[in-house]
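1. Just need the structure, nothing else, for what follows:
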Amino acid sequence: MKYLYIENGQGFFSVSGLETDKQTIDKIRKEDLLSLLNLIVYESSENGFEMDSYDEESLKNPAHKIIYKNIYDKFDALIKKRVQFKDETCDLYRSAIEKYSVELDKE
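-> Residues are numbered from 1 along each chain as shown. Purely as a prediction, here's the structure:
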């Protein structure tokens, strides 16, 4: 599903991935960013997290250019490192999970 769009010279985002639910990128809130980040990290790869590539010529609004470029760059980097990020997260909590799993098994 596509979550970041460029249409008619403006940048848009959609937390649901539905084009009917899209809003202009300058209205994005912290909660929206967190929802999108969760989708990048946890959504299955077959559906994928799609974004229109940043193209300075396609965006006419200067504020949209800045916001879209920054969000696109960060999300693109996270997508590329998603597997590494998930592995590091699992490793970080692996000892705690194993410790408490053993304790629960004893009870």
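2. Is it correct that Ser67 falls within a strand?
-> One correction, residue 67 is Ile, not Ser. No - in this structure, Ile67 is helix, not part of a strand, as judged by DSSP: H, G, I helix; E, B strand; the rest coil.
3. mind listing what the residue nearest to it when sequence neighbours are not counted touches?
-> Counting by Cβ to Cβ, 6 or more residues apart in numbering, Ile25 is the residue found nearest to Ile67 once chain neighbours are left out, at 4.9 Å. C-beta: built from backbone N, CA, C; applies to glycine. If a contact means Cβ atoms under 8 Å, 6 or more residues apart in numbering, then Ile25 has Leu4, Gln10, Gly11, Phe12, Phe13, His64, Ile67, Tyr68, Ile71 as its contacts.
4. Please repeat the previous calculation with a cut-off of 7 Å.
-> For Ile25, the contact set (Cβ atoms under 7 Å, 6 or more residues apart in numbering) comprises Gly11, Phe12, Phe13, His64, Ile67, Tyr68.
5. could I get those residues as TSV with distance to Asp21 and neighbour count?
-> Shown next, in TSV, are these (distance: Cβ to Cβ, whole Å; neighbours: other Cβ atoms under 10 Å):
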residue	distance to Asp21	neighbour count
Gly11	15	28
Phe12	10	23
Phe13	9	24
His64	18	19
Ile67	18	19
Tyr68	18	28
